[in-house]
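>>> Quick check, what structure comes out for this input:
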Amino acid sequence: MNRYLEIMICIACLLLSAVIYGQKYSTRSGNLKFEASMPSFEEVAAENKTASAVLEPAKGDFAVLALMKGFRFKVALMEEHFNENYVESDKYPKATFTGKVEGLDVSKLTAEPKTYPISGDLTLHGKTKKITDNAKISKSGDKIVIVGSFTVKPAEFNIEIPKLVSGKISDKVEITYNLALAK
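Coordinates of the predicted model:
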């Protein structure tokens, strides 16, 4: 009888910890944008409204996945060149970020955004680079909203910009994100 009670207590503890600590927040409609425009030339910018993201608040673990073909440009030809010539979407179909939000305490989040450092690995075009950013994180109803931006260089991910258009595309790409995650 004692052994049975021990097993039941262990199962109850496991279930309770899964309920308490297993509260993940996620989205499949995260918004990512990038801007690589140069003054006096055509806008080089795109938006992806279908990024997936997961936050495990107890540990601060954070991950984002974006399909490269999900980025939409104002000019269809630019989108085609982006997918075929630059990021090679058929060969490298996604970009991922896996990292950690430092010092996150969901119980202290309010509608007023607070700044939290996020660091981790961005993988794009088959290359991985460490990224650090200070994101604004807030809580709106039952959602956690994470907003921020950082800069990368295409060369860091072996993305070549042809000399013919190199003066029309910035060598620094501003990436912004707005992720509303729900339980």
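
>>> dump the residue contacts of the nearest residue to residue 57 once chain neighbours are set aside.
Using CB to CB, 6 or more residues apart in numbering and skipping the chain neighbours, the partner closest in space to residue 57 is residue 106 (4.4 Å). C-beta: built from backbone N, CA, C; applies to glycine. Taking CB atoms under 8 Å, 6 or more residues apart in numbering as the criterion, residue 106 is in contact with 57, 139, 144.

>>> ok, those residues vs residue 80, which is closest?
residue 144 (35.7 Å; CB to CB).

>>> give me the element that closest one is part of.
strand 143-152 (DSSP states H and E).

>>> who does whichever helix or strand comes after that strand pair up with?
Beyond strand 143-152 on the C-terminal side, the first helix or strand identified by DSSP H and E is strand 169-182. Under the criterion DSSP bridges, strand 169-182 sits next to strand 25-37 (antiparallel), strand 143-152 (antiparallel) in its sheet.

>>> Include mean neighbour count, mean pLDDT and distance to residue 134 when you put these into a markdown table, please.
Shown next, in a markdown table, are those (neighbours: other CB atoms under 10 Å; pLDDT from 0 to 100; distance: least, CB to CB, whole Å):
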| stretch | mean neighbour count | mean pLDDT | distance to residue 134 |
| --- | --- | --- | --- |
| strand 25-37 | 17 | 95 | 17 |
| strand 143-152 | 18 | 97 | 7 |
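
>>> now those strands as TSV including distance to residue 61?
As requested, the strands paired with strand 169-182 are exported to TSV (distance: least, CB to CB, whole Å):
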stretch	distance to residue 61
strand 25-37	11
strand 143-152	13
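
>>> I'd like to know which of these is closest to residue 53.
strand 25-37 (4.8 Å).

>>> And for the helix or strand just after the closest one, what's in contact with it?
Moving toward the C-terminus from strand 25-37, the next helix or strand (DSSP H and E) is strand 45-56. For strand 45-56, the surrounding residues in contact (CB under 8 Å, 6+ apart) are 24-37, 61-67, 70-74, 79, 82, 101, 144, 146, 177, 179, 181.

>>> Go through strand 45-56 and flag the buried ones.
Buried residues in strand 45-56, defined by neighbour count with 16 or more other CB atoms under 10 Å: 45, 46, 48, 50, 51, 52, 53, 54, 55, 56.
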